[in-house]
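Participant: kindly return the folded structure for what I paste below:
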Amino acid sequence: MEKFDAVVIGGGPGGYACAIRLAQNGLRAALVEADTLGGTCLNRGCIPTKTLLHSADVYYDATHGETVGVTAGNVTFDYDKIIERKNAVSKQLSGGIAFLEKSHGVTVIKAKAVLKDRNTVALDNGETLTCDHLIVATGSEPAALPIPGIDLPGVVDSTGLLNMTTCPKHIVIVGGGVIGIEFATFFYRLGVQVTIVEMLDRVLGPLDKDVTNFVEAELKKNGVELVLGVKVESIEPGLKVRYASVKDGAKGTAEGDVVLMAGGRRPNTKGIGLDTIGVQMDRKGFVKIDGLCRTNVSGVYAIGDINGKMQLAHVATAQGTLVADHIAGKPCKQLNYNRIPSCVYCNPETAMVGLTEEQARATGRDIGTGVFNLSGNGKALTMGENKGFVKFVFDKATKEILGFHVIGPRATDLAAEVAAVMECEGTISEIGSTVHPHPTVSEAVMEAAHACHGNSVHAPKARK
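Facilitator: Below is the predicted model:
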């Protein structure tokens, strides 16, 4: 039986970062991971999908270069090599994490863990670990929807799709959330026929409606079929997806050679002993935590996807480092989830921080907006990617930034600037008075801030 100051269960973005920070804080830490370091993000999620999207972007640009004066003939893609590169990138990053853990003195154990009590962890290799502090970071997995035919060959979740080595000719994607839209983008940019079937009346439901309208228009323009406001009733042999309208029950069918089930993710909280030690969970299985990620059991923390706050890798990492500092007795500031960016890697990219316009108006405040179209941004035009816009939602009385929404090139990078200003409780005026470099896409953020006051010099004068 080996004793540690803290044991972290799960080596994803939350767990591996927590273990390193624990070691940096002078604590003896163990990191237990049953699979590959990096968790879903590095191996079955963020990194693999972005690697695939880059390959699709290179192919798409090579076959659509005429507008910038570049013509390439006989351009093809090798799907096997696309998958090989995806695997190589994930392997390299996972290996890097192993190196980091070792360099910081973290004990990494490849095993499956089960909690025996708040201080004891049993491993399937026969070892037992004891600790003063326990951090559970077991992540999530694709949710299995209760649909007849979901077990048919050719019906896959995101993990199964990432392991496929044959490119489909027509893919039907059940679910128009982040996962569904990113895979739709990857495949349509390779020339694959794509159909999205979604129960809501729009894709990317949590995003600002101006953004989702833009995304839908771009998908349709690129040949993606959107079947919205319908509920899937069954999947039949031949991969026929049968659905019915939520509104009037009207029936329909979508057929492809692959069906992707992209209906969200569920927490990995079963079978690891959380119930044994009395950790409280909600009806969906997410662990209940306070602002410092503490469970109801003293000394036991839950970070990342399993607590359901925001199922994002960067949130898991932030929670992990927060917990490690709290355990070490350092001053800690609770995360403000309203100031954390969310990103979707469609094309153009989109990102948001804070509230949508609809959510902001529901607060009862006097709400203003400022929008700047990327058609007026020099850098975006030079790139041939001047589609999209930047939008601020703000409180007219205080000039407080309530929401930021961007769709266009570099959108997922631009969100960090606004998140930082919001974290410092800055205002629209302070972003507007910050001189941004030219020519950059970031200038559009400044221009949108100016638009909040009606004085963007690179936008047409608004008609009264």
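
Participant: which helix or which strand is home to the residue nearest to residue 434 when sequence neighbours are not counted?
Facilitator: In space, and not counting its chain neighbours, residue 434 is closest to residue 446: 6.6 Å by Cβ to Cβ, 6 or more residues apart in numbering. The C-beta positions use only the backbone N, C-alpha and C, and glycine is treated the same way. Assigned by DSSP states H and E, residue 446 belongs to helix 443-452.

Participant: packing partners of that helix?
Facilitator: Applying 3 or more Cβ pairs under 8 Å, 6 or more residues apart in numbering; DSSP states H and E, we find helix 443-452 packed against strand 367-373, helix 378-383, strand 389-395, helix 411-423, helix 428-433.

Participant: identify, out of these, the most deeply packed stretch.
Facilitator: Using mean count of other Cβ atoms under 10 Å, the stretch among the helices and strands packed on helix 443-452 with the greatest mean number of neighbours is strand 389-395 (a mean of 24).

Participant: would you reformat the helices and strands packed on helix 443-452 as JSON lines and include mean pLDDT and distance to residue 342?
Facilitator: Below are the helices and strands packed on helix 443-452 laid out as JSON lines (pLDDT from 0 to 100; distance: least, Cβ to Cβ, whole Å):
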{"stretch": "strand 367-373", "mean pLDDT": "98", "distance to residue 342": "19"}
{"stretch": "helix 378-383", "mean pLDDT": "96", "distance to residue 342": "22"}
{"stretch": "strand 389-395", "mean pLDDT": "98", "distance to residue 342": "15"}
{"stretch": "helix 411-423", "mean pLDDT": "97", "distance to residue 342": "8"}
{"stretch": "helix 428-433", "mean pLDDT": "96", "distance to residue 342": "19"}
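
Participant: can you pull out the helices in this protein?
Facilitator: Taking DSSP state H as the criterion, the chain contains helices spanning 13-24, 39-44, 46-63, 79-103, 158-163, 178-188, 209-221, 313-327, 357-361, 378-383, 411-423, 428-433, 443-452.

Participant: list the buried ones in the fourth one?
Facilitator: To tie it back to what came earlier, the one meant is helix 79-103. 82-83, 85-86, 89-90, 94, 97-98, 100-101 (16 or more other Cβ atoms under 10 Å).

Participant: that one to helix 46-63, inter-axis angle?
Facilitator: Angle, helix 79-103 to helix 46-63, by axes from the mean of the first three to the mean of the last three Cα atoms, to 10 degrees: 140 degrees.

Participant: hang on, the earlier thing: what's the closest of the helices and strands packed on helix 443-452 to residue 352?
Facilitator: Shortest distance between residue 352 and the helices and strands packed on helix 443-452, using Cβ to Cβ, is found for helix 411-423: 7.1 Å.

Participant: which outside residues touch the closest one?
Facilitator: 336, 338-341, 343, 345, 348-354, 388, 390, 401, 404, 406, 430-431, 441-442, 444-445 (Cβ atoms under 8 Å, 6 or more residues apart in numbering).

Participant: kindly recompute the last result at 6 Å.
Facilitator: Here helix 411-423 makes contact (Cβ atoms under 6 Å, 6 or more residues apart in numbering) with 339, 341, 343, 349-351, 353, 401, 404, 406, 431, 445.

Participant: using PDB, write down the CA coordinates of stretch 110-122.
Facilitator: The C-alpha coordinates for stretch 110-122 follow below in PDB (Å, rounded to 0.1, in the frame of the first residue of the first chain):
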ATOM      1  CA  LYS A 110      -1.600   2.700 -16.000                       C
ATOM      2  CA  ALA A 111      -4.500   0.900 -14.300                       C
ATOM      3  CA  LYS A 112      -8.200   1.100 -13.700                       C
ATOM      4  CA  ALA A 113      -9.200   2.600 -10.300                       C
ATOM      5  CA  VAL A 114     -12.100   2.000  -7.900                       C
ATOM      6  CA  LEU A 115     -12.700   4.100  -4.800                       C
ATOM      7  CA  LYS A 116     -12.900   2.100  -1.600                       C
ATOM      8  CA  ASP A 117     -13.200   5.000   0.700                       C
ATOM      9  CA  ARG A 118     -12.300   8.700   0.700                       C
ATOM     10  CA  ASN A 119      -8.600   7.800   1.300                       C
ATOM     11  CA  THR A 120      -8.200   4.500  -0.500                       C
ATOM     12  CA  VAL A 121      -8.000   3.600  -4.200                       C
ATOM     13  CA  ALA A 122      -7.900   0.000  -5.400                       C
END
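
Participant: what does that stretch rub up against?
Facilitator: Taking Cβ under 6 Å, 6+ apart as the rule, stretch 110-122 contacts 7, 9, 32, 34, 123-125, 128-130, 272-273, 277, 297, 299-300.

Participant: and if we set it to 7 Å?
Facilitator: Residues from elsewhere that reach stretch 110-122 (Cβ atoms under 7 Å, 6 or more residues apart in numbering): 7, 9, 32-34, 123-125, 128-131, 134, 272-274, 276-277, 297-300.

Participant: filter those down to the buried ones.
Facilitator: Applying 16+ other Cβ under 10 Å to the contacts of stretch 110-122 flags 7, 9, 32-33, 123, 129, 131, 134, 272-274, 277, 297, 300 as buried.

Participant: among those residues, name the ones in strands.
Facilitator: 7, 9, 32-33, 123, 129, 131, 134, 300 (DSSP state E).

Participant: among those residues, which pair sits farthest apart?
Facilitator: Across these (Cβ to Cβ), the longest gap, 18.4 Å, separates 33 and 300.

Participant: find the nearest non-adjacent residue to residue 27, please.
Facilitator: Nearest one to residue 27, counting by Cβ to Cβ, 6+ apart, is residue 5 at 4.0 Å.

Participant: ok, that neighbour - contacts?
Facilitator: The contact partners of residue 5, by Cβ under 7 Å, 6+ apart, come to 27-29, 131-133.

Participant: measure it to residue 274 for me?
Facilitator: Applying Cβ to Cβ, to the nearest Å, the value for residue 5 to residue 274 is 21 Å.

Participant: picking that back up, and the buried ones among the contacts of stretch 110-122, which two are furthest apart?
Facilitator: The widest separation within the buried ones among the contacts of stretch 110-122 (Cβ to Cβ) is 22.0 Å, between 33 and 297.
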